[in-house]
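K.L.:
using only what follows, build the 3D model:
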Amino acid sequence: MHPESLQGFLLLDGGSLRGSFFNRTVVLICQHDAEGAFGLVLNRQSGASVGEILVANLPDALKSQPLYIGGPVQPTAMSYLHSDQFLPDANVMENLSLGHSLDTLIELGESMSVTQKVRIFAGYSGWAAGQLEDEMKRKAWLTHPATLDLVFSQNPDQLWRQILLNRGWQYKLLAEGPEDLSVN
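P.N.:
Now for the predicted structure:
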């Protein structure tokens, strides 16, 4: 049984998304209601830094960060996740906010403290009304509660595998299987 809204949950490829953009991804659902859902892929780095791609007068603390591919929708759209020890107006989950404003991102970068975390994304993952629910019924996704440690994982390339292995023995085969089944 899944909660009515998956906001604040992670969606993991349950093994049926091979060949798609979402193969072996971990998606944080940032918004989910009757209108649809908005999420960001947490484990797909672009290979470039934010400063190489985003043409803006950004603080150095942000320019050097890796840019993540949030999803296949609107690849030029920028979003970011921001966390701090106490964010009273957090809009995704406790102490985690989603933002889209470049001005606010610059302000965050200028006031960076050791307790703040920011991750910047190009593109996003979106679902129309009822689409995510249909995918859940088809068991395309596994759900997992999001935590700030998972959202800001120091090893995002291993995030999908790490979460599956921590879920128990029944997910070990999926987590440890080869990317390409023909090499098995």
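K.L.:
so Gly123 makes contact with Ile53?
P.N.:
No - in this structure Gly123 lies outside contact range of Ile53 using C-beta atoms under 8 Å: 11.3 Å. The C-beta positions use only the backbone N, C-alpha and C, and glycine is treated the same way.
K.L.:
neighbour-wise, which of the two wins?
P.N.:
For Gly123 versus Ile53, neighbours defined as other C-beta atoms under 10 Å are more numerous around Gly123 (22 against 13).
K.L.:
check contacts around the more buried one.
P.N.:
69-77 (C-beta atoms under 8 Å, 6 or more residues apart in numbering).
K.L.:
if we go to 10 Å?
P.N.:
21, 40-41, 44, 46, 68-79 (C-beta atoms under 10 Å, 6 or more residues apart in numbering).
K.L.:
what do you get for Thr76?
P.N.:
53, 122-123 are the contacts of Thr76 under C-beta under 10 Å, 6+ apart.
K.L.:
do that again at 7 Å, thanks
P.N.:
Residues near Thr76 by C-beta atoms under 7 Å, 6 or more residues apart in numbering: Ala122.
K.L.:
what ranges does the chain have for its helices?
P.N.:
50-53, 60-63, 102-110, 131-137, 148-151, 159-167, 172-176 (DSSP state H).
K.L.:
what helices or strands is the fifth one leaning on?
P.N.:
Yep, that's helix 148-151 we're talking about. In this structure, helix 148-151 packs against no helix or strand, with contacts taken as 3 or more C-beta pairs under 7 Å, 6 or more residues apart in numbering; DSSP states H and E.
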